[in-house]
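Participant: compute the structure for the input listed below.
(chains A and B)
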There are 2 protein chains.
Amino acid sequence: MTRPALNADDAPASLASLLSPRSIAIVGASDDPARPGHETLKALIALGYAGTVYPINPKYTELLGRPCFPSLDAVPGPVDLVVVAVPAAAVPGVMEQAARLKVRLAVVMSGGFRETGEAGAALQDTVVAIARAAGIRLIGPNCLGFANIPDRVCAAFGSISRVPRLEPGTVSLVTQSGGFGYSLALACAEESIGFRYVIATGNEADLGCVDLIDALLDDPGTGIVMTYLEGLPDARALMQVGRKALAMGKPLLVWKGGVTEQGARAAATHTGSIVGRADVYRALFRQSGIVELTEMSDAPDLIKSFQCHARYPGMGSGRNAAVIGGSGGSAIVFCDAASREGIELATFAPETVDKVAALLPPIGSPTNPVDLTAGYIGIRGPKAYADVIRAVLADPGVDTLCLNFASSSPAGTVNGAKFLVEMAPDISKPVFVFSSMHKSLALEAHAMLREIRMPVLPSPVRVAKAMGALATWATARAAASGSRLSANEGAGGGLLLQADGRMLDEVFSKALLRSIGVQTPGEVMVPADALGASTRLTHDIRGPYAVKIVSPDVAHKSDIGGVRLSVPEGRPLQQAIDAVAAACRDRAPHARLQGVLVSEMVTDGFEMLVGVVDEPAVGPVVVLGQGGVFAEAMSDSTCRVAPVDAVEARAMIDDLRCAPILRGTRGLPPLDIDALVDVLVRVSAFAWDHRGVLAELDINPLFVRPAGQGAVAADALLVTCVPTGQPH
Amino acid sequence: MTRPALNADDAPASLASLLSPRSIAIVGASDDPARPGHETLKALIALGYAGTVYPINPKYTELLGRPCFPSLDAVPGPVDLVVVAVPAAAVPGVMEQAARLKVRLAVVMSGGFRETGEAGAALQDTVVAIARAAGIRLIGPNCLGFANIPDRVCAAFGSISRVPRLEPGTVSLVTQSGGFGYSLALACAEESIGFRYVIATGNEADLGCVDLIDALLDDPGTGIVMTYLEGLPDARALMQVGRKALAMGKPLLVWKGGVTEQGARAAATHTGSIVGRADVYRALFRQSGIVELTEMSDAPDLIKSFQCHARYPGMGSGRNAAVIGGSGGSAIVFCDAASREGIELATFAPETVDKVAALLPPIGSPTNPVDLTAGYIGIRGPKAYADVIRAVLADPGVDTLCLNFASSSPAGTVNGAKFLVEMAPDISKPVFVFSSMHKSLALEAHAMLREIRMPVLPSPVRVAKAMGALATWATARAAASGSRLSANEGAGGGLLLQADGRMLDEVFSKALLRSIGVQTPGEVMVPADALGASTRLTHDIRGPYAVKIVSPDVAHKSDIGGVRLSVPEGRPLQQAIDAVAAACRDRAPHARLQGVLVSEMVTDGFEMLVGVVDEPAVGPVVVLGQGGVFAEAMSDSTCRVAPVDAVEARAMIDDLRCAPILRGTRGLPPLDIDALVDVLVRVSAFAWDHRGVLAELDINPLFVRPAGQGAVAADALLVTCVPTGQPH
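Facilitator: Numbering: from 1, shown residues only, chains lettered A, B, ... in the order given. Take a look at the predicted model:
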């Protein structure tokens, strides 16, 4: 799972040096404003790029006031970066010239490669081969390019090259979609957030999104990395950079597009139909400390919050919020939203209530939320307001504070900001400001609050959401030992399975489970050739029984009457065996009936489901949920990228609505959670060991019995992968 | 449930005339800028109010250049509206003067009334009595006041009286929180939405929120009403104005604050703990066509969408969306969000695909989402773009369209807007534009699109949300027959229950259910005095049995071992009776044990829960969910304000995750949904008939048996209300 470093196969060139070229050649520079090569040149001039720019185009001797050269070969000085904006067919020739010039990085904007089909893919391979041989790293092809904002480098066209210009800052953006991804940057820029690098990766023939995130995390000038992703060849590499980001304390914000596509995953099992792509990626993000973006406004809100509250080391994980304001409505709306975001309303210590009460008029409320009453600052003065805030922040039960500036006048907003600036040195916990004042009328106030690193958000709902995201990230950071998360991701043991696209029958599936230490009921198989004869069964298992057909072609046996439960010993057992076999022959005439399985019934447990799906680019994902015949309808499930350890397995149980049942509720005994955890750990390790071979695994029901009595896999089904190139 | 019209108890003065005064007296006008009376006067002058303004204050002869009068009595001309901004104690005297002047409306800004305690409440009653006697309607006290934007009337202080000024328009706002509610107006104003009336209602001593919404709906100048509510004495009145708004085609947008407060509701039953206040209000809104707001940005987004798409009568209810853009990422993000908002991606007819394909470059995508490829307008020209849009809108399978202008340049945004203006006459379906361009750089484009009523939203997620809200509202409007919704809300029949705060035991509860036509199992009661004796039971019900203690003091019998199920006839039955009685005596020694109930076991049904809670201000709410001992953990429930008819009851079933089980799934038979619907209708009618008396009702489990075999209430519990003034 280790990834090559950005510059592993070449010299000591760091990313910073590659993205900070001293000279740039633009092959395909043009005087046609619609051409990418024109846009790049124009932007570099407009930005005042300090290095040397060489426009290349045999049609011109001069472009936008700069001397223009007929080819790369004709350039008089060294070239660090070549921007390629010529038709696809001409790109290999340009790359060969670039190789001769010892160029270190090429940005190929041109389309017409892998995205157009086989011929384009071959051309792309040619370009990559030339680049690799010459040690040139490549962004693109088919991309908008990149910009290095502080160094005024624009190796890009389209939106990245145009107004509005981004201000320099510490956020770096890597995006697979130039259009939508850059929208995220624009939304941040509108909130005065500055950027370091903006990179649109296009076809990712050489440098991919994850490589770039990895490298940007090592860039001292980058404090936060934001990314928009659609496809990923290897989502585990993303997990790994997520964990790296968490360990470094640099938030990694990811928007994953395409989560509702159903993709190519088969769904022969309950597990397969229960877990969606969005669930898998949410779990993956959670397991690696990645902050998920799901709305445009999340980007500026969360970046502001992370930037503002980075100065509270080790803090920010607390979820007890205080609210202070003059509008009861804003406080109520905050509380409604907070409860949805896992933020609690702090309970003040009695001393805090006393201190605050002494500062308020009699009709104010000194408990949380604090109601100052309307016009408080105007009447009592800013010092009293500051004292209220100090008293609240001093309360040990308060982790974070929301200040409501609802509907203040522009002047009131400035006054509020002024005194917050004065008291800033006393503020030692994250404080968020809700202000509904139009941005255009509150520029001064917002600038002052930015200066003291206090985020201003335009709704109490967004304050609550930002507090929740900050606390979740800070908690993950505190919890991440790094070693625990990756310790059990070692290489697999002996592979028990072969990939052939088969659905393995219950008998074989259960045998496999027993081999990895999962308990199954006592059972005996009546083979197909013994069915129908009135032979008495000889066996040493006790009734009542579960009687089920065994067929590799029937995933949901009960759907065709292939299951009888609670069958007593003796004649009823023989009748049940005959009945399920007959049902199978009647209702699934084409299924291969291998026999009938007679199992001891488990009756004293709660039905859970433990399963595995093989998510493209992610690999094995372990799923836990309420089980039984109605597992899908229960819709009570969670998942994690496999493997999981016992700590993560317990966290999975905590995710479920049925967790109270497992812990013992309504007069019923606590169930064997330790056994359930053990099954999750063993199954997830098995899934990891058989990655690429195991397509789906379904233990349903897994009867979790009372504490100390174990968990029994009453039914199981495995599906192996179709080997590459073989039709399903 | 009929509400008095705003002017029912007085002359023919309409709301419009009350809120459009020809003359305004400000009692308590002042030259101190911190005083409300100063802010009102200043605002009226700044706005250029065309009527006469009389500042009243004995301290001045002139204020802000206007003659000032010592008292109302001294005013030389008629006064339509008096604004009262003097200390509370002086308000009755002012009201008496106003009565003599035949003032029609008073806005009492002053605080110090009911919100301060008993003395304040008495003072408030005095003020109301004077107003009622004189036929003066009253806004407040303890309120920010109101503004009539087109008529430049500001009878308000604080944010409503200050910059930024609202532009005239057709949205009216009624808010119980001046601060937060006005934030909603500010958020809309920032998006160039104009307002008609803005009213902050304060203590609502006379005119309440619902009265004002009702009256504003009748105002021809109001097209949309938005409201922020916290408390409501009668939420059914809100439902009624919601239905009126729906019938009139005027969207009513409501933000309900305080939905996560747990309130005073008891929770003796499963039902009581399953249903939250947010669930109840969401149901209430849904049943009355009210559009729920949950985020600040919802207000401008939805208002823009409603205003823009009002011109498509009878349309807007379709949920099949097309997407056109040059950024694949924006389309993917839209699709992800659409699936969460109940919006489907339309499938184009083959002719549409052909028409679009002919207009695109080969690497574009002519199916939905349509990928024009980057820079399309620049390359192919606006006519081709317009032809693509025409082809897509002409497809009968397309109900609505999202146009992505992601990361266009400011010039590109203007060009896009220009050609949309040209083709506007051809657009006959709702079209939404996603644009990430900074508003300050796209003022011209946005203004052009406003002109042709095309909403521009800053994220594809918000486009999807607006489409969903529009479709939900249009569907409700189409479905609302008015009569169906209210037909069964007649007066109740004979009241079977008396309010005394009692928990009624299972025997009595089931008898009540039988009396309203709900089926219960055959059962026999062993009274307490017959327990322990080895008397043989004589009865005509068949085993196996459910054996349960009967006690008015035990809500969850199984929690204390008071239930035995599947008990065979004979000696095991006697043992079970003794065992549950002993368990009750051991584990609930203070409970009154009235006996043991022996019931026929129902074994062939699916366990559901049907219940009722009495939500403050709403009254009876009927709840449906998965039942059984784990009902809370299943968390699969829905609710409606009672009563419900069969159509609404079926819609409740559709809300549940377990709906497929009821309809028959996994080889199991369809269950008796008709019987379940019948129980819901009967229980909800019973609850409505016993409103104010029935506190909670819990049928759990209700066994829904296979189709045609009915639904049986296996257990039931009723709790009656505590009569007013009696401790619980």
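Participant: what about the closest residue to A:Ala476 other than its chain neighbours, distance to A:Arg477?
Facilitator: The spatial neighbour of A:Ala476 that comes closest, neighbours along the chain excluded (CB to CB, 6 or more residues apart in numbering or on different chains), is A:Gly289 at 4.1 Å. Yep, even glycine has a C-beta here, placed from its N, CA and C like the rest. Spatial separation of A:Gly289 from A:Arg477 under the definition CB to CB, to the nearest Å is 6 Å.
Participant: repeat that for A:Ala511.
Facilitator: For A:Ala511, the distance to A:Arg477 - CB to CB - is 43 Å.
Participant: and those two? Which one has more around it.
Facilitator: Neighbour comparison, A:Ala511 and A:Arg477: the larger count goes to A:Arg477, with 18 against 14 (by other CB atoms under 10 Å in any protein chain shown).
Participant: is it true that the more buried one touches A:Ile290?
Facilitator: No: under the criterion of CB atoms under 8 Å, A:Arg477 makes no contact with A:Ile290, lying 11.8 Å away.
Participant: rewinding a little: need the overlap of contacts for A:Gly289 and A:Arg477.
Facilitator: A:Leu246 (CB atoms under 8 Å, 6 or more residues apart in numbering or on different chains).
Participant: next secondary structure element downstream of the helix-or-strand element of chain A with minimal mean pLDDT?
Facilitator: Considering only helices and strands, the least confidently modelled element of chain A by mean pLDDT, DSSP states H and E is helix A:483-487, at a mean of 40. Toward the C-terminal end, the helix or strand that comes next after helix A:483-487 (DSSP states H and E) is strand A:503-504.
Participant: output the contacting helices and strands for that next one.
Facilitator: If you count contacts as 3 or more CB pairs under 8 Å, 6 or more residues apart in numbering or on different chains; DSSP states H and E, strand A:503-504 packs onto strand A:716-720.
Participant: low pLDDT regions in the stretch 451-600 of chain A?
Facilitator: Confidence mapping of the stretch 451-600 of chain A against pLDDT under 70 gives the ranges A:481-501, A:533-539.
Participant: could you do the stretch 1-150 of chain A as well?
Facilitator: For the stretch 1-150 of chain A, the stretches with pLDDT under 70 are A:1-13.
Participant: who's the closest spatial neighbour of the residue in it positioned nearest to chain B, skipping the chain neighbours?
Facilitator: Among the residues of the stretch 1-150 of chain A, A:Ala34 lies nearest to chain B; the distance is 5.1 Å by CB to the nearest CB. In space, not counting the residues next to it along the chain, A:Ala34 is nearest to B:Gly378; the distance is 5.1 Å by CB to CB, 6+ apart.
Participant: what helix or strand is that neighbour on?
Facilitator: In this structure, B:Gly378 is located in helix B:376-380 according to DSSP H and E.
Participant: verify the stated contact: A:His590 with A:Pro552.
Facilitator: No: A:His590 is beyond contact range of A:Pro552, at 11.9 Å (criterion: CB under 8 Å).
Participant: who has more neighbours, these two?
Facilitator: Neighbours per residue (other CB under 10 Å) separate A:His590 from A:Pro552, with A:Pro552 holding more: 17 against 5.
Participant: would you mind naming what in the stretch 351-500 of chain A lies close to chain B?
Facilitator: Taking CB under 8 Å from any CB of the partner chain as the criterion, the neighbours of chain B within the stretch 351-500 of chain A are A:362-363, A:374-375, A:378-379, A:404, A:406-410, A:436-441, A:458-462.
Participant: can I get the buried part of those residues as one PyMOL selection?
Facilitator: Applying 16 or more other CB atoms under 10 Å in any protein chain shown to those, the buried members can be selected in PyMOL as follows:
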select buried, chain A and resi 374+375+404+406+407+408+409+410+436+437+438+439+441+458+459+460+461+462
